[in-house]
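S.K.: Predicted coordinates and the sequence they were generated for:
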Amino acid sequence: MLTAFYSWVRVLCRERAVALSEQTRVIRKTYGLQPYYMKQGNWVPKEPLTTTSPSANLDVFKGKTLAVIGYGSQGHAHARNLKDSGLNVIIGLKPDSRSVATAVEAGFEVFDPAEATRRADVIMIAVPDMRQAALYRDDISPNLGDGGKCLLFSHGLAIHFGHIVVPEHTSVAMVAPKGPGHLVRSQFIKNPPEGTPALIAVHQDADGCARDIALSWAHGIGSTRAGVFETTFKEETETDLFGEQTVLCGGVSALIKAGFEVLVEAGYSPEMAYFEVLHEVKLITDLINQRGIPGMRFSISETAKWGDVSVGPMIIGDIKPRMRQALSDIQDGTFVAKWKKEYDNGLPNYNRLLAEDDGSLLERVGTHLRAHMPWIPKVNTGGTQAQAVFKG
Ligand SMILES: NC(=O)c1ccc[n+]([C@@H]2O[C@H](COP(=O)([O-])OP(=O)(O)OC[C@H]3O[C@@H](n4cnc5c(N)ncnc54)[C@H](OP(=O)(O)O)[C@@H]3O)[C@@H](O)[C@H]2O)c1
């Protein structure tokens, strides 16, 4: 039975590879040639931002120094992609940072964040959101000079919720790849090269260049190979938090954990439960990603389709009021205020809840089973973010 399962998995993986290359072409066509795109529910007759866009090039960075402060998941990907695009990139890290050695090994000059800010024309703040305000106050703000520099973010939280207020003489913009940093890097170095879609936004434009800088940065990290959408700091921050809390990370994890526990508590083997409610999630979500929900249903059995439409809504129940509550907590700042309080208290609940899941039966069974799945890329998650190499 397991052999049949694995051959089924291989067929799906092959299918995924073909569909992915088709998807890339479709994205290029849609974003590159379509004269209209959807913005806030309306079709906007505006030039999409892609490699075909006249301003999507690297000219704006000629003779300039780009600093990436932080060399973690996003930081290492932006820095390495921009360097490979031929740009002059330096890294800002605390002298005792465990990321320094990895950045030096990748060929970067590393300075403390204050010195990197002084030397750079464009500065990407790529440290965790809750550490950005102190970094800005202590190291960046005193070294911005009289203007002419541009600050970039890959998520709008610190600016949107007012943790950082930048003087008017300095531009502030965003380049937010829609994917984890490791994907930003692995897509860029694929053969043939691919990219991760990104959002850009301008918060304040001191000298009329902020949009060009954001678009060119997105181009340098490879995002125009996929597609770049323009948004606002408010829209990116609120939708990003909502998506990760309710569906992508929070919703999916909670659904998997509950499904696993119900099966195991009913006496089924943890290995079977793992395959049924965790392993296959990727196979199904890949199909949804490539084709939408009806396209996924094209590949599943009639029985699975009937279970999907008749039992799925009953399991989820009336979830929208709770989702609206989560959205409202994001919009009025409640979520971020609680998160900041937890951070300032030394993260006791954060660490406890993560540790509970790390030690769970689901994770112990998964670790064992994944060790026997040679087709799943093995990643060292014990070192720094920048040391982990993702091939998938
Ligand atoms: N993770 C993602 O894929 C992702 C996706 C979209 C947007 N973002 C956004 O990208 C930003 C960075 O997040 P991340 O997840 O990439 O962070 P991360 O992986 O946790 O990286 C943290 C890096 O910042 C360094 N660092 C921490 N505090 C610092 C300080 N005060 N001065 C200098 N360096 C410092 C760390 O050094 P040490 O190694 O010494 O700790 C490490 O190199 C955030 O705004 C986040 O919302 C992230």
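M.R.: Thanks, I have the structure now. Nothing here was measured: the structure is a model prediction, and the numbers come from that model.
S.K.: Quote the end-to-end distance of stretch 132-139.
M.R.: End-to-end distance for stretch 132-139, by Cα to Cα, to the nearest Å: 10 Å.
S.K.: I'd like the distance from His368 to Pro270, if you could.
M.R.: His368 is 9 Å from Pro270, where distance means Cβ to Cβ, to the nearest Å. The C-beta positions use only the backbone N, C-alpha and C, and glycine is treated the same way.
S.K.: higher neighbour count, those two?
M.R.: For His368 versus Pro270, neighbours defined as other Cβ atoms under 10 Å are more numerous around Pro270 (17 against 12).
S.K.: What helix or strand is Ala103 located in?
M.R.: helix 100-105 (DSSP states H and E).
S.K.: Next one: the residue in the chain that the ligand sits nearest to from Ile288, what distance?
M.R.: Closest contact between the chain and the ligand, by Cβ to the nearest ligand atom, is at Gly72 (1.8 Å). Going from Gly72 to Ile288 by Cβ to Cβ gives 29 Å.
S.K.: For those two, indicate the residue with more neighbours.
M.R.: A side-by-side neighbour count of Gly72 and Ile288, using other Cβ under 10 Å, places Gly72 first with 19 against 13.
S.K.: how would you label Asp146: helix, strand or coil?
M.R.: coil (DSSP: H, G, I helix; E, B strand; the rest coil).
S.K.: what's near enough to touch it?
M.R.: By Cβ atoms under 8 Å, 6 or more residues apart in numbering, the residues touching Asp146 are His169.
S.K.: Work out the gap between stretch 268-281 and the centre of the chain.
M.R.: Put simply, stretch 268-281 sits 26 Å off its chain's centre (Cα atoms, centre = their mean, to the nearest Å).
S.K.: An error on my part: the question was meant for stretch 134-145.
M.R.: Worked out by Cα atoms, centre = their mean, stretch 134-145 lies 26 Å from the chain centre.
S.K.: is it up against the ligand anywhere?
M.R.: Yes - judged by Cβ under 6 Å from any ligand atom, stretch 134-145 comes into contact with the ligand at Leu135.
S.K.: Show me what that stretch is in contact with.
M.R.: Here stretch 134-145 has contacts from 69, 92, 112-115, 117-118, 123, 125, 127, 151, 158, 164, 166-167, 169-170, using Cβ under 8 Å, 6+ apart.
S.K.: So for it, what gets flagged as buried?
M.R.: The neighbour-count check on stretch 134-145 (16 or more other Cβ atoms under 10 Å) flags Leu135, Tyr136, Asp139, Ile140, Ser141, Asn143, Leu144 as buried.
S.K.: And for stretch 353-373?
M.R.: Leu362, Val365, Gly366, Leu369.
S.K.: for the stretch 201-350 of the chain, what spans make up the helices?
M.R.: In the stretch 201-350 of the chain, the helices defined using DSSP state H, counting those that start in this stretch lie at 210-220, 233-243, 250-265, 270-274, 280-299, 302-316, 320-331, 334-344, 348-358.
S.K.: do you know which of those lies nearest Thr65?
M.R.: Nearest to Thr65 among those is helix 210-220 (13.0 Å), distances taken as Cβ to Cβ.
S.K.: I'd say Lys178 and Gly195 touch.
M.R.: No - using Cβ atoms under 8 Å, Lys178 is not in contact with Gly195; the gap is 10.7 Å.
S.K.: More neighbours: which of those two?
M.R.: Gly195 (28 against 18).
S.K.: so is that one in a helix, a strand, or just coil?
M.R.: Recorded secondary structure, Gly195: coil (three-state DSSP).
S.K.: Setting the sequence-adjacent residues aside, check what's closest to it.
M.R.: Arg225 (3.2 Å; Cβ to Cβ, 6 or more residues apart in numbering).
S.K.: Pipe the helices of the stretch 201-350 of the chain into CSV and attach mean pLDDT and distance to Arg131 per row.
M.R.: Conversion of those to CSV gives the following (pLDDT from 0 to 100; distance: least, Cβ to Cβ, whole Å):
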stretch, mean pLDDT, distance to Arg131
helix 210-220, 92, 21
helix 233-243, 97, 17
helix 250-265, 98, 22
helix 270-274, 96, 35
helix 280-299, 96, 31
helix 302-316, 97, 35
helix 320-331, 98, 20
helix 334-344, 98, 8
helix 348-358, 97, 14
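S.K.: Can you add distance to the ligand and give those back as TSV?
M.R.: Shown next, in TSV, are these (distance: least, Cβ to the nearest ligand atom, whole Å):
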stretch	distance to the ligand
helix 210-220	13
helix 233-243	8
helix 250-265	15
helix 270-274	25
helix 280-299	17
helix 302-316	26
helix 320-331	14
helix 334-344	12
helix 348-358	13
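S.K.: Determine which stretch of these is the most buried.
M.R.: Most buried of the helices of the stretch 201-350 of the chain, by mean neighbour count (mean count of other Cβ atoms under 10 Å): helix 210-220, with a mean of 25.
S.K.: and that helix, what does it pack onto?
M.R.: Applying 3 or more Cβ pairs under 8 Å, 6 or more residues apart in numbering; DSSP states H and E, one finds that helix 210-220 contacts helix 73-84, strand 122-125, strand 150-153, strand 171-177, strand 198-204, strand 228-230.
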